[in-house]
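1. Structure for the following, please:
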Amino acid sequence: MSDVYETVMSKSNTYCGYSIPIVSYPYDKHLQLNRDLVEIIDELDEFYKTTKADTSKNRDGGTKTKSILTHNFSKFNIFDRTEYESVRKFKQFVGDSYKHYIETYTKLDFFSIFPNIHIQCWGNKIGKFDYLNRHAHVGWFSDELELSSNYFVKSPGHETHTRYYSPMTLNKDEYTYTKNVEGHLTIFPSFVEHDTTANRSANNSRYTLGMDVANPTPEQVEEANSHSCVVKLYEHTK
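-> Residues are numbered from 1 along each chain as shown. The predicted model follows:
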């Protein structure tokens, strides 16, 4: 793929070393997509606030955000909104991006695992002064593939960043950051803790998507869908 931006958390010394790729993929058809995603996220936000207000106490993946959508991240999947052509096309881009990441940065054989790859995708609407606390996306039904990503939909009108914390340093507050850019999909290993800078706008929300990808067994997919909403990333596979 062209226009791939790598941010690598790395350390090398006498005793050990590591390299953790955090990779951003710009989507060139993001303008219409982002307009549609704002519409979808606003619709979901209104639904949960008006009919499921008590779900603001649901687990939020450790983010400690006020966003009711984040507290319901396992209850919907953005890729179910197939009535939007832009969402259907974006899913293909996400699949291509994950394929590139798996083939380039892991030792996995993509063609042996891709029929079982599933994805969960949710929206976040972060209001004034709010942010996502440090957290990780781990423990989702896969022994060999667990990758996460975020997609930046709409800025609140000022620059924001996502910070990624290395699990392999004595200084646990050491981080690598990326600037959030509208239309960029950023993929990283699910075990990497991350947080965001605050939305400093009093009037505008910060819109993003969060995603988790794994290759569970059919039994694990059934179990996952008993409490989550996962779909095949590559729908043409049986």
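2. State the mean pLDDT of the helix or strand hosting Thr104.
-> Assignment of secondary structure by DSSP states H and E places Thr104 within helix 85-105. Average pLDDT, helix 85-105: 97.
3. State the next helix or strand along the chain beyond that helix.
-> Using DSSP H and E, the first helix or strand after helix 85-105 is helix 110-113.
4. list the contacts for the closest residue to Pro167 other than its chain neighbours?
-> Closest residue to Pro167 apart from its sequence neighbours, by Cβ to Cβ, 6 or more residues apart in numbering: Phe191 at 6.2 Å. Quick note: C-beta positions are derived from backbone N, CA and C, even for glycine. When contacts are counted by Cβ atoms under 8 Å, 6 or more residues apart in numbering, Phe191 is found next to Ala136, Val138, Glu146, Pro167.
5. so what's the second one up against?
-> If a contact means Cβ under 8 Å, 6+ apart, then Val138 has Glu146, Ser190, Phe191 as its contacts.
6. so how far is the helix or strand bottoming out on mean pLDDT in the chain from its chain's centroid?
-> When the helices and strands of the chain are compared on mean pLDDT, DSSP states H and E, strand 5-12 comes out lowest with a mean of 81. Taking the mean of its C-alpha atoms, strand 5-12 sits 19 Å from the chain's own mean (Cα atoms, centre = their mean, to the nearest Å).
7. which helices and strands does that strand pack with?
-> Secondary-structure packing of strand 5-12 (3 or more Cβ pairs under 8 Å, 6 or more residues apart in numbering; DSSP states H and E): strand 17-26, strand 175-179.
8. Need the pLDDT of Ser2.
-> pLDDT, read off for Ser2, is 67.
9. So what touches stretch 55-62?
-> Under the contact criterion Cβ under 8 Å, 6+ apart, stretch 55-62 has outside partners 48, 66-68, 70-73, 75, 133-137.
10. Least reliable of the helices and strands packed on strand 5-12 by average pLDDT, please.
-> With a mean of 90, strand 17-26 has the lowest mean pLDDT of the helices and strands packed on strand 5-12.
11. All good on my end, thank you.
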